[in-house]
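Visitor: attaching a predicted model along with its sequence, questions to come.
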Amino acid sequence: MDKERKLIIAGNWKMNKTVAEALDLIQGLKRELAAVKEVDMVVCPPFTALSEVSKLVLDSNLRLGAQNMSENTGGAYTGEVAPMMLKEFSVRYVILGHSERRQFQKETDALIAKKALAAHAVELKPIVCVGETLAEREGGLTEQVLATQIHGSLAGLSKEQMNETVIAYEPVWAIGTGKTATTEQAQSTHAYIRSLIQKMFDDAVARRVRIQYGGSVKPSNARELMSQPDVDGALVGGAALEVRSFADIVKNSI
Ligand code: PEP
């Protein structure tokens with residue numbers, strides 16, 4: 001598939017996989033995906049598996065991501081993980097502001113922006129998640145909600161930092177529900193997000209920024225979604241937990 005931007009497909013394992021299970025999954029992915037050069041592939045295991053997984057992915061084309069981090073650099077923050085601690089395990093990417101964290105940990109756009117700046121300070125690339133709920137889409141509020149999230153979550157980033165930031169558009173109603181946005185919905189929403197980036201930064205940044213789609217991506221819908229001009233990859237939840245489905249999503253996207 002000829003795309004303007006290199007696709008980036010990331011697996012968000014969420015709170016799944018023991019260390020042993022994680023290593024199994026990585027071994028399978030390495031076997032299946034060794035030849036892939038066309039797509040940036042990222043795996044985001046839980047914190048507890050980062051150390052062991054980092055050793056296995058070192059000699060591979062898989063890159064490591066984390067699912068969250070603190071906005072602080074260290075100190076008295078019980079239960080938190082500092083950005084530099086992720087760097088110890090060769091983590092390159094960090095998912096920020098996933099809708100589950102927005103919902104359950106009450107993360108705000110302002111906090112996500114702080115985290116994004118903290119990530120860039122140690123050269124971690126943030127994957128900043130945005131997306132509307134079903135009620136918001138049905139109420140005609142999608143664009144308004146996304147504009148607020150984009151402006152708030154990316155506040156204070158320089159153009160250079162934005163060039164190294166990934167956006168994940170994940171309609172909340174499509175996450176883990178089996179419901180996927182239609183390709184038209186995905187394309188038009190991605191184009192809208194790109195127009196927001198153009199106004200907030202400039203043309204060059206908007207052309208360069210990669211916008212992933214997330215929400216029940218599977219092997220059967222990956223090709224059509226990834227063929228949309230403004231869809232530059234996927235953030236995959238459930239289907240990232242099995243070798244077969246994640247590998248097929250990648251292969252079907254090429
Ligand atoms: C996600 O949580 O980022 C996600 C997209 O999940 P799923 O693929 O399971 O819908």
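Guide: Cool, got the structure. Residues are numbered from 1 along each chain as shown.
Visitor: going forward, measure contacts and count neighbours with C-alpha atoms only.
Guide: Fine.
Visitor: who touches Gly233 in this structure?
Guide: By C-alpha atoms under 8 Å, 6 or more residues apart in numbering, the residues touching Gly233 are 7-9, 210-213, 226.
Visitor: same check, this time on Gln187
Guide: 228-231.
Visitor: which one of the contacts of Gly233 is nearest to the ligand?
Guide: Nearest to the ligand, judged by C-alpha to the nearest ligand atom, of the contacts of Gly233 is Tyr213 at 7.8 Å.
Visitor: follow-up on the earlier one: check the contacts of Gly233 against the ligand, which are close?
Guide: Residues shared between the contacts of Gly233 and the neighbourhood of the ligand: none [C-alpha under 6 Å from any ligand atom].
Visitor: may I ask which of those has the most neighbours?
Guide: The most crowded member of those, judged by other C-alpha atoms under 10 Å, is Tyr213 (31 neighbours).
Visitor: coming back round to it: closest to Tyr77 out of the contacts of Gln187?
Guide: In terms of C-alpha to C-alpha, no member of the contacts of Gln187 lies closer to Tyr77 than Val231, at 37.0 Å.
Visitor: could you report the distance from Pro46 to Ala66?
Guide: Separation of Pro46 from Ala66 (C-alpha to C-alpha, to the nearest Å): 7 Å.
Visitor: next: Ala234.
Guide: In terms of C-alpha to C-alpha, Ala234 sits 16 Å off from Ala66.
Visitor: what about the helices in the protein?
Guide: Counting by DSSP state H, the chain has helices at residues 19-33, 47-57, 83-87, 99-104, 109-121, 134-138, 142-153, 159-163, 183-200, 203-208, 219-226, 243-253.
Visitor: which among the ones you listed is found nearest to Glu71?
Guide: Short answer: helix 109-121, nearest of the helices of the chain by C-alpha to C-alpha, at 4.4 Å.
Visitor: what's that closest one packed up against?
Guide: When contacts are defined as 3 or more C-alpha pairs under 8 Å, 6 or more residues apart in numbering; DSSP states H and E, helix 109-121 sits against strand 93-96, strand 125-130, helix 142-153.
Visitor: quick one: list the elements packing against the longest one.
Guide: Contact analysis of helix 142-153 by 3+ C-alpha pairs under 8 Å, 6+ apart lists helix 109-121, strand 125-130, helix 183-200 as its packing neighbours.
Visitor: which of these is buried the deepest?
Guide: Stretch with highest mean neighbour count among those: strand 125-130 (a mean of 26; mean count of other C-alpha atoms under 10 Å).
Visitor: and the contacts of it?
Guide: Strand 125-130 is contacted from outside by 92-99, 112, 116, 119-120, 146, 149-150, 153, 164-171, using C-alpha under 8 Å, 6+ apart.
Visitor: for the stretch 1-150 of the chain, which residue gets nearest to the ligand?
Guide: Closest residue of the stretch 1-150 of the chain to the ligand, C-alpha to the nearest ligand atom: Asn12 (5.9 Å).
Visitor: tell me the one of the contacts of Gln187 nearest the ligand?
Guide: Using C-alpha to the nearest ligand atom, the contacts of Gln187 come closest to the ligand at Val231, 14.1 Å.
Visitor: pull the number of nearby residues for that closest one.
Guide: 27.
Visitor: Glu164 now?
Guide: So Glu164, with other C-alpha under 10 Å, has 19 neighbours.
Visitor: residue contacts, it?
Guide: Glu164 is in contact with 125-126, 209, counting by C-alpha under 8 Å, 6+ apart.
Visitor: one more time with 7 Å, if that's ok
Guide: Contacts for Glu164 (C-alpha atoms under 7 Å, 6 or more residues apart in numbering) come out as Lys125.
Visitor: enumerate the residues of the stretch 151-254 of the chain near the ligand.
Guide: The stretch 151-254 of the chain has residues 174-176, 214-217, 235-238 near the ligand, with proximity defined as C-alpha under 6 Å from any ligand atom.
Visitor: so how far is Glu38 from the closest residue in space to Gln198 that isn't next to it in sequence?
Guide: Spatial nearest neighbour of Gln198, chain neighbours left out: Ala206 (4.9 Å); criterion: C-alpha to C-alpha, 6 or more residues apart in numbering. Distance, Ala206 to Glu38, using C-alpha to C-alpha: 21 Å.
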